[in-house]
Structure formats: structure tokens, C-alpha cells
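Peer 1: below is the sequence, then the predicted model.
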Amino acid sequence: MTVRLSKSKLIAFRQCAKRLWLEVHHPELKVEDTSAMGRFASGHRIGELAQAQYPDGVLIAPDNNLPIALAQTQTLLEQSPRKVLFEATFQAQGLLVRADLLIPAERGWHMVEVKSATQVKDYHLDDAAIQSWVATQAGLALERTSLQVVDSTWTYPGGGDYAGLLKTTSVDAAIAPLQQEVPKWLAAAQATASAPEPSVKVGKQCNTPFTCGFQSYCGALTPPVEFPIAWLPNLHHTKRARFDEAGVVDLRDIAPEELSEKQRRVIQATLNNQTYFEPLTPTECALFAGTCYYLDFETMAFVVPIWAGTRPYQQVPFQWSCHIQVPGGAVTHDMFLDLSGNDPSRAFAETLIQVLSDDGPIIVYNQGFEKRIIRELAQRFADLEMPLTKLLSRVVDLLPLAGSHYYHPSMQGSWSIKAVLPAMAPELDYANLEEVAGGTAAQDAYSEAISSATIPERKAKLEAALRKYCTRDTEAMIVV
């Protein structure tokens, strides 16, 4: 029996045979995370802009009625003059696809798949190969195939003008050998979907190239490992692959000579259930002399920029929190948060310069992020370049100090602030925060708060949650 499949299900099979089987037989077991939903929304917006390139284009079966979509596609392909088609639908050998853009070409049609990524990836080529193979098998005179991706170097000029946001890349040469593999993939996928549930071990395929929504289900079927090797910090992928091949899953099964000093320290603390702590050296203590400014940023990265002068995926800062500790220990707190919906960048920079004064260490956790944001602000605002640049030399990074001097077994190989803080001060665990407890949730809250559809009561709740979360970040650094 031939099982009818969509392109997305065949792509799922390319990732993991068990994922396809579950997609077909038990879709109710899938758990979608919020980041996946955000990517879907971004992809939808990119799709809208791709269609806007062709104002006279025709959207096929917007209600997603597939029998009507197949019939409507055939009718429109035969019409003259030809028009650009959106979601043209084809079926061959039990596999159904819908093309983002189908553009009339000199000797047939130009198929374009639109992606919200900034570069062509391997799984995009699988996608394009499947699309073009099915369309050709269905009788389409396909002249060429391309991918449209987001140009991350493009700057939004404002006024709703998104010309240039998407760039087109020909993929005919890259997908030619893959097209020959598509019928093999399809036959194997149909055989898998028709057979009993396959046995597949949890592994790297669970998150590559996509995070699988069935991980909770598969994880429950996997015998628990008391001390998994995933807790080893800085485990190189080649060494991890060697461990996987040898069936090594537990920290106790690894020879010490295969590990770095830091990895051995983690194993020792974990197996003995003991905290590792080494006091700072006098030189390191001197880094915290004078008034200390504990600083954290929150940013928003829109795939499709909404403010003039910003780029796709650019992290635009909308909030900072700063705890200020003077010699002797007294602590005060200051904060900036802009939920007006206007570009918050300049006000963010101006208030930041003002609160950080002219001297004293600026303490952050993982300095690469804050330094990059400050540099980008200095590039955008020429009159603020000097005071912003001066801040960079004052930055002190807590992360490498924590990594060298402290480890608690509950951290499970991670030195993120969200792992370190509960170990040191359980009462300040981020899990106790209700609305916003992480960076992705902060971005979601910000996006919702600036939406015109958000009622005042909801916006006030989101504002309070954002203030509490960012305050917790800098409060955590004082504890560390």
C-alpha cells in the first residue's frame, strides 16, 4: 500500500525514520516549543513579502484544500497569458508538494522556494530537490530552480519598502544529484510509514537539522543514564562521536586521560556530589575595585526589520538592568525599558552612558554579547561613539571566573547564569519566575507588548515580567 506523504514528512524522514512514523501514526505526541512557533511566524511573514514581489500573482487554494489546489494549479498552468503562481500544487507517486513561487520563464517555469534563513543550507537543497522532482514528474516544464533567502547585510530604509530583503540563488547544479535520490528516499519513507514503529536511539539527529517535537516520547522509552556524558563541558563533536560509536553513555565509563582538567573536575564533583570552589586570586579580586556596575541587556531580533536603519536578525536592545554596588557593599538598581514600539536604540544608549558614569568595572556574564551590542550602537550613532567605546575597556566578564573557580553537581556541565544561580542561591532560581524566565520568552514578551493588538492590562503584566526577569539577571551576578 502506498502511503501518501507531504514534502514536510519526507524531510522528517530524512532526519529520522522514527520521526516520520510518529508524524504519520501519532502526531498527537508531538510537543511544539515556542521557538518553533516563532520560526513559523517569521517564515510566514517572509512568505508574504516574497509574494508581494509579484502584485499580479495568484494564490492557489488559500484554504489549503488540496484537491482544489491540484485542479486549480493545472488550470492556471494552461492559461494564457501566464501569471506568477503562489503555492502551486503538484503530486507524483504519492508525494505532494506546494511551491512558494512559480514564475513564467522563457522555456517553461522558474520554481523558487523561499526561506527565512540568511544562507542556503543542506536541508534546503533536499527541499528544493524534492519540490522540483515532484513537479517534473507531474509534467511541469521546469526550466530552473532557485532559493530565496534573507540578505542579512540589507538595511531597511523604512516606509514599508522591503525591496532587496530577499536574494535569489540558483541551485540547479547543487540539486541535480539529489533529484536522482528522491525516489529512493520516497520508497524508503513509504516503507517505514507502512511498517511497525522503528527502533531508533536518541541521538544528535533529535536536534539536527530541526528540534524534533517527539523527544519527550522517545526519551521516556530510553533507559535513564545516571551520569550522562552530555554533562561534560567543551566536549568536541569528534570525541563525542567516538564515545557514541563505542556505546559510552555514562561519565564513569570514560578514562580520565581522555579528558581535560576542567572535564575531570566536573566528573569528580558529580560522582562525589561535592561542590568545587577555589577563591579568586588577588589579581582577580582587583578587577572588582571601586564602584561596580552589574549590567545585563535584553534584545529583539526581527527577521523582517520594523525600524529604519536596522538589518534582518540584528539584535536591537530594548532593555538594560544595572545593579550598582559602591565600596562598602551598598547596592542600588537602575533600569531602562522601552515598550513604545519605536526604535529603542538611541534612548537605550543615552541612558546607558549616563548610568555607567566614567569609571568602575562594568560586570557582565559572557562579555561577547554586551560588547557587540555596544559596538553596534557606537556604529549607528556617531555622536555617541566615543562615550560608548570607552565603556568597552571597563568590562569584566564573570563567566570565565565562574568556570575556573566554581562548580556544583546540579549545574550538569553548564556555567550559564541560569545553571549557576540556583546552585548558589536556590531561592533565586529562574524557574520561580512565571511569565518571563529566559531570553526567548523575553523576546516573545517584548514582541507581544509592542503589538497594537495587546490590551493595556496585558501590556502592564508583560512589562512587570520583563522588569523582574532582567533585574534577576543582574541580581544573579552580584550573588555569583
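Peer 2: Arrived safely, thanks for sending. Numbering: from 1, shown residues only.

Peer 1: who are the packing partners of the lowest-mean-pLDDT helix or strand in the chain?
Peer 2: When the helices and strands of the chain are scored by mean pLDDT, DSSP states H and E, helix 34-52 comes last with a mean of 83. Judged by 3 or more Cβ pairs under 8 Å, 6 or more residues apart in numbering; DSSP states H and E, helix 34-52 is in contact with strand 95-105, strand 108-114, strand 166-170, helix 439-449. Glycine gets a C-beta too; all of them are placed from N, C-alpha and C.

Peer 1: that helix vs strand 95-105, what angle?
Peer 2: 30 degrees (axes from the mean of the first three to the mean of the last three Cα atoms, to 10 degrees).

Peer 1: quick one: buried residues of helix 34-52?
Peer 2: For helix 34-52, a neighbour-count test (16 or more other Cβ atoms under 10 Å) marks 39, 42, 46-47, 49-51 as buried.

Peer 1: cool, and stretch 75-82?
Peer 2: For stretch 75-82, by 16+ other Cβ under 10 Å, it's L77.

Peer 1: for stretch 473-480, same thing?
Peer 2: In stretch 473-480, counting by 16+ other Cβ under 10 Å, buried: 473-477, 480.

Peer 1: using CSV, write out the CA atom coordinates for stretch 322-331.
Peer 2: Output in CSV follows, covering the C-alpha atoms of stretch 322-331 (Å, rounded to 0.1, in the frame of the first residue of the first chain):
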residue,chain,number,x,y,z
CYS,A,322,22.1,47.7,36.3
HIS,A,323,22.8,47.0,39.9
ILE,A,324,25.4,49.4,41.3
GLN,A,325,27.5,48.4,44.2
VAL,A,326,29.6,51.0,46.0
PRO,A,327,32.7,50.2,48.1
GLY,A,328,31.3,49.0,51.5
GLY,A,329,28.5,47.0,49.9
ALA,A,330,25.5,49.3,49.4
VAL,A,331,23.6,48.4,46.3
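
Peer 1: buried set for that stretch?
Peer 2: Those would be 322-325, for stretch 322-331 by 16+ other Cβ under 10 Å.

Peer 1: and those residues, which two are the farthest apart?
Peer 2: By the measure Cβ to Cβ, C322 and Q325 form the most distant pair in the buried residues of stretch 322-331, at 10.3 Å.

Peer 1: so what sits against both of those two?
Peer 2: Y294 (Cβ atoms under 8 Å, 6 or more residues apart in numbering).

Peer 1: re the thing from before, and the helix or strand following the least confident helix or strand of the chain, which strands flank it?
Peer 2: The helix or strand immediately downstream of helix 34-52 is strand 58-59, counting by DSSP states H and E. Counting by DSSP bridges, the strands paired with strand 58-59 are strand 85-92 (parallel).

Peer 1: give me the contact list for the partner strand.
Peer 2: Contacts of strand 85-92 (Cβ under 8 Å, 6+ apart): 51, 57-62, 66, 69-70, 72-73, 76-77, 96-102, 133-135, 137-138, 140.

Peer 1: return the distance of it from the chain's centre.
Peer 2: 29 Å (Cα atoms, centre = their mean, to the nearest Å).
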